[in-house]
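J.: this one's sequence-less:
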């Protein structure tokens, strides 16, 4: 792990600990959360020139859910 990455994760884990009221015994949880946040940040970084974003890790857009065929009861009349 690079020194910069480790320092970022360390500072973020400390910030999480403070945000949660400085609880005892949850340092590993805070560290894992900071690592996950750093990983997400790295996956979404733009290229050096800002023209493209890394797309291999970008989540695929969700397709809109199609209504079920039986959601309307044709025998029911409105009004």
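T.: Good, I have the coordinates. Because the structure is a prediction, the values reported are computed rather than measured.

J.: Look up the closest residue to residue 31, ignoring the ones flanking it.
T.: Taking CB to CB, 6 or more residues apart in numbering as the measure, residue 31 lies nearest to residue 13, with 4.7 Å between them; neighbours along the chain are not counted. All C-beta atoms are positioned from the backbone trio N, CA, C, and that covers glycine.

J.: brain fart, residue 33
T.: Nearest residue to residue 33 in three dimensions, chain neighbours excluded: residue 16, at 5.7 Å (CB to CB, 6+ apart).

J.: can you pull the contacts of that neighbour?
T.: Applying CB atoms under 8 Å, 6 or more residues apart in numbering to residue 16 gives the contacts 30, 33, 34.

J.: Show the pLDDT at the second one.
T.: Looking back up the chat, that one is residue 33. Among the per-residue scores, residue 33 shows a pLDDT of 95.

J.: Quantify the burial of it by counting its neighbouring residues.
T.: Other residues within reach of residue 33 by the criterion other CB atoms under 10 Å amount to 17.

J.: Tell me how far it lies from residue 22.
T.: 15 Å (CB to CB, to the nearest Å).

J.: same deal with the last one?
T.: In this view, residue 34 and residue 22 are 15 Å apart by CB to CB.

J.: Just want to know which of those two has more residues nearby.
T.: Neighbour comparison, residue 34 and residue 22: the larger count goes to residue 34, with 20 against 9 (by other CB under 10 Å).

J.: hang on, that one packs against residue 13?
T.: Yes: the pair residue 34 and residue 13 passes the contact test of CB atoms under 8 Å, sitting 4.0 Å apart.

J.: helices or strands up against the helix or strand bottoming out on mean pLDDT in the chain?
T.: Least confident helix or strand, the chain: helix 27-43 with a mean of 92, by mean pLDDT, DSSP states H and E. Counting contacts by 3 or more CB pairs under 8 Å, 6 or more residues apart in numbering; DSSP states H and E, helix 27-43 packs against helix 3-19.
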